[in-house]
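**Student:** give me a model of this one.
(2 chains)
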Amino acid sequence: MTAYFIRRLILVIPTFIGITIMVFTITRFVPGGPIERIIAETRAMQMGEQGGRSKARAGQGQPLSDDQIKKLEAYYGFDKPVLQSYGIWLLKVLKGDLGRSTRYQDPVWDMVKARIPISLYFGVLSMVVIYGVCIPLGMAKAVRHNSGFDNITSAVIFTGYAIPGWVAGVIMLVIFASRMDLVPLGGLASDYFADMTLWEKIKDVAWHTLMPLLSYVIGAFTVMTLLMKNTLMDNLAADYVRTAIAKGLSFKQAIFRHALRNSLIPIATSFGNNISILLMGSFLIEKVFNIDGMGLLGYESILDRDYPVVMGILVISSLLFMVGNILSDVCVAIVDPRVRFK
Amino acid sequence: MAVLNPVTKAQLRRFCSVKRGFWSLVIILILMFISFFAEVFINSRALVVYYQGAFYFPTYADMIPGKTFGLDYSYETNYRELKQKMDREGGTGFVVMPPVPYDPYENDLRLNEYPPFPPSFSHRHFLGTDNVGRDVLARLVYGFRTAILFSLGLLFLNYTVGISLGCAMGYFGGKFDLFFQRIIEIWSNIPFLYVIIIVSSIVVPSFMVLILIMAFFGWISITWVMRTMTYREKEREYILAVRSLGASHLRIIFRHIIPNTISVIVTYAPFAISGGIVALTSLDYLGFGLPAPTPSWGELLSQGWQNMEAWWISAAVVSALVVTLMTVTFIGEGIREAFDPRRHTVYE
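**Tutor:** Sure, this is the predicted structure:
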């Protein structure tokens, strides 16, 4: 089994190279890169200085000399063949250097580091809420299968499943923030945050957290609750629960002592996949609520063609994704001794 | 025939017995019918014009110049004005307009007033207008047509690629399987939004281009499911039996494996459709979807987000989205129930 996981870990390397080399190549052949932006900005500056008189000439001509462009290419590493500059980039990443943003000139790692706590905050909170609601709800639904309670909660969680989180965010903003003025329009803190006392700060952040958190969790209840319900029902129908009841255990004891433990296996194993979601957030929700997290950073870096940031986030997210996959298999192996990986 | 198969019949009966799913199917079919014939219900062209003893049906015909009806221009007749004129003049002529006399592209501009206009029955803007004065209801219905056609096309492409590739991976296994597993792992990590932005910076994404890009990334999940199912099915005794009888690989796959995995494929379909609608809406919301004047829900949503005072825009599109996605999800739930009835023991 250890051999299996070692093989899985080794397989991460070719996959990682495959992912990064593909995106790296794409960044090379896309119009609108950093050099073109500088050219456009210089052109706009010249046009502003010279006024409308020479507009036609300035628009046609190349504002930078060939020499300057060559220097820029060398600065951004565009002067070498793709594979060669990919190699340089990969070596730097292995040394822990993700490069500098071409837009803000800040080190990529610092930009990412500043965003991680925000995304992690929402990730952990929503994880807690999701597991805290889904496990008891799934249990209650399994025990009362086909009752009124079961049907109503099913309808409710399926409604939540049907609405994408960010759409729920938009409508909540319109109703509660704009029309009723109950909650703030977005962001994570009020303008006077620095002047507040500790208690006010906590209240303020909680107030700002409420709606984004709801958007994050609204769609996630369904899958987890139904998973919990179905596995618990499978286990309740199993022979060992019948035996437990036959030997005189009460129904409650049979559930909590025997059925529940086995039903938690699939829930526990899905935990590994949550790592990447936990840290990366959702750029759509972050955009709607104007939260400056990892998702929004990735989205904006793609829009700005800020390639070092794009690549840096790709490195982090793909590693998290692959490690998470392996981790969830490890969880399966630990929780369920019947599972054997070859 | 699959229809006469008693198992299929039983599944159909079971599906109809799940009330929530059945009525959702009825609702979504009605909505699809309305949107496919939306020109009859929501259009700036009249349904019937009776003018000087002759009937005209402009809805699906070529454009009729204003001169035909005694107006002083040769571009397309403005039927709303024609109706007002005929009503004023009396006489035998009449114009029958659709219930919503606006098409999704025209701006209903008024003097000294600025859109968005709130819902009003007298102007026949039942759900109001958007930020540039286009009828919200018209854009909703035409946008629904785009979204549902988009999802169906996407579903078809994804399933074609996913089923064939997944089947091959599961059936042949070995190096082939391992190779495509790596490909899939790489594929699922490429930021999909990135490719969309790149493509839209080179060409304006048309309907077909957008479907192709989405299918480019959408085949993964169904391939994965198909692979697992084929893997499981391949090990069964009956496959061993047909193989020892001398059946070819193609025959085994098409006559035995696919019919036996069809239930999973069908169960995933409604969820794939709702996924397609959400994906198109999200892209349009961000502005990377279909080009500008195309009626779309995502574009309406972003208008609603920018202009929160005009609550009717976001309220209309969110309710439409919720109703559609909910009915589709309920259909999916019903199908799952029909194909995979779980009978459980409950202790008292």
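**Student:** all helices for the stretch 51-200 of chain A, in order.
**Tutor:** For the stretch 51-200 of chain A, helices defined by DSSP state H, counting those that start in this stretch occupy the ranges A:55-60, A:66-76, A:82-94, A:108-143, A:148-162, A:165-172, A:198-218.
**Student:** contacting residues around the last one?
**Tutor:** Outside of helix A:198-218, the residues within contact range by Cβ atoms under 8 Å, 6 or more residues apart in numbering or on different chains are A:121-122, A:125-126, A:129-130, A:133, A:160, A:163, A:165-166, A:168-169, A:172-173, A:176-177, A:183-184, A:186-190, A:193, A:196, A:282, A:285-286, A:288-289, A:291. For the C-beta atoms, the positions are set from N, CA and C on the backbone; glycine is no exception.
**Student:** just the buried ones from those residues?
**Tutor:** Neighbour-count burial (16 or more other Cβ atoms under 10 Å in any protein chain shown) applied to these gives A:121-122, A:126, A:129-130, A:133, A:160, A:163, A:165-166, A:168-169, A:172-173, A:176-177, A:183-184, A:186, A:188, A:190, A:282, A:285-286, A:288-289, A:291.
**Student:** ok, which of those residues also contact chain B?
**Tutor:** Among the buried ones among the contacts of helix A:198-218, proximity to chain B is found for A:I163, A:W166, A:L173, A:A177, A:V288 (Cβ under 8 Å from any Cβ of the partner chain).
**Student:** farthest pair in those?
**Tutor:** Spanning the widest gap among those are A:I163 and A:A177, at 17.6 Å by Cβ to Cβ.
**Student:** so stretch A:92-101, near chain B or not?
**Tutor:** No. Judged by Cβ under 8 Å from any Cβ, stretch A:92-101 stays clear of chain B, getting no closer than 15.5 Å.
**Student:** next, the buried residues of that stretch.
**Tutor:** So for stretch A:92-101, counting by 16+ other Cβ under 10 Å, buried means A:V93, A:L98, A:G99, A:R100, A:S101.
**Student:** go on, stretch A:27-42?
**Tutor:** For stretch A:27-42, by 16+ other Cβ under 10 Å, it's A:T27, A:V30, A:G33, A:P34, A:I35, A:I38, A:I39.
**Student:** nearest to A:M228 among the ones next to chain B among the buried ones among the contacts of helix A:198-218?
**Tutor:** Distance to A:M228 across these (Cβ to Cβ) is lowest for A:I163, with 21.2 Å.
**Student:** not counting sequence-adjacent ones, nearest residue to that closest one?
**Tutor:** Closest residue in space to A:I163, ignoring its immediate chain neighbours: B:V322 at 5.6 Å, by Cβ to Cβ, 6 or more residues apart in numbering or on different chains.
**Student:** contacting residues for that neighbour?
**Tutor:** B:V322 sits in contact with A:T159, A:A162, A:I163, where contact means Cβ under 8 Å, 6+ apart.
**Student:** from these, which is closest to A:E73?
**Tutor:** Among these, and counting by Cβ to Cβ, the member closest to A:E73 is A:I163, at 47.4 Å.
**Student:** the closest one contacts B:V323, correct?
**Tutor:** No. Using Cβ atoms under 8 Å, A:I163 is not in contact with B:V323, being 10.6 Å away.
**Student:** report the separation between B:T146 and chain A.
**Tutor:** Using Cβ to the nearest Cβ, to the nearest Å, B:T146 is found at 17 Å from chain A.
**Student:** roughly how far is the host helix or strand of that residue from the heart of the chain?
**Tutor:** Using DSSP states H and E, B:T146 sits in helix B:136-172. Taking Cα atoms, centre = their mean, to the nearest Å, one finds helix B:136-172 lying 9 Å from the centre of the chain it belongs to.
**Student:** state the number of residues packed around the closest residue to B:E39 other than its chain neighbours.
**Tutor:** Nearest non-adjacent residue to B:E39, counting by Cβ to Cβ, 6+ apart: B:T59, 5.3 Å away. Neighbourhood size, B:T59 [other Cβ atoms under 10 Å in any protein chain shown]: 14.
**Student:** so who does B:T59 touch?
**Tutor:** By Cβ under 8 Å, 6+ apart, the neighbours of B:T59 are B:E39, B:V40, B:N43, B:R45, B:A46, B:L47, B:P98.
**Student:** one more pass at 10 Å, please.
**Tutor:** B:F37, B:E39, B:V40, B:N43, B:R45, B:A46, B:L47, B:V48, B:P98 (Cβ atoms under 10 Å, 6 or more residues apart in numbering or on different chains).
**Student:** got the residues of the stretch 51-200 of chain A near chain B?
**Tutor:** Residues of the stretch 51-200 of chain A lying close to chain B (Cβ under 10 Å from any Cβ of the partner chain) are A:142-147, A:151, A:154-155, A:158-164, A:166-175, A:177-179, A:185.
**Student:** apply 7 Å and report the result again.
**Tutor:** Contact residues, the stretch 51-200 of chain A versus chain B (Cβ under 7 Å from any Cβ of the partner chain): A:145, A:158-159, A:161-164, A:167, A:170-171, A:173-174, A:178-179.
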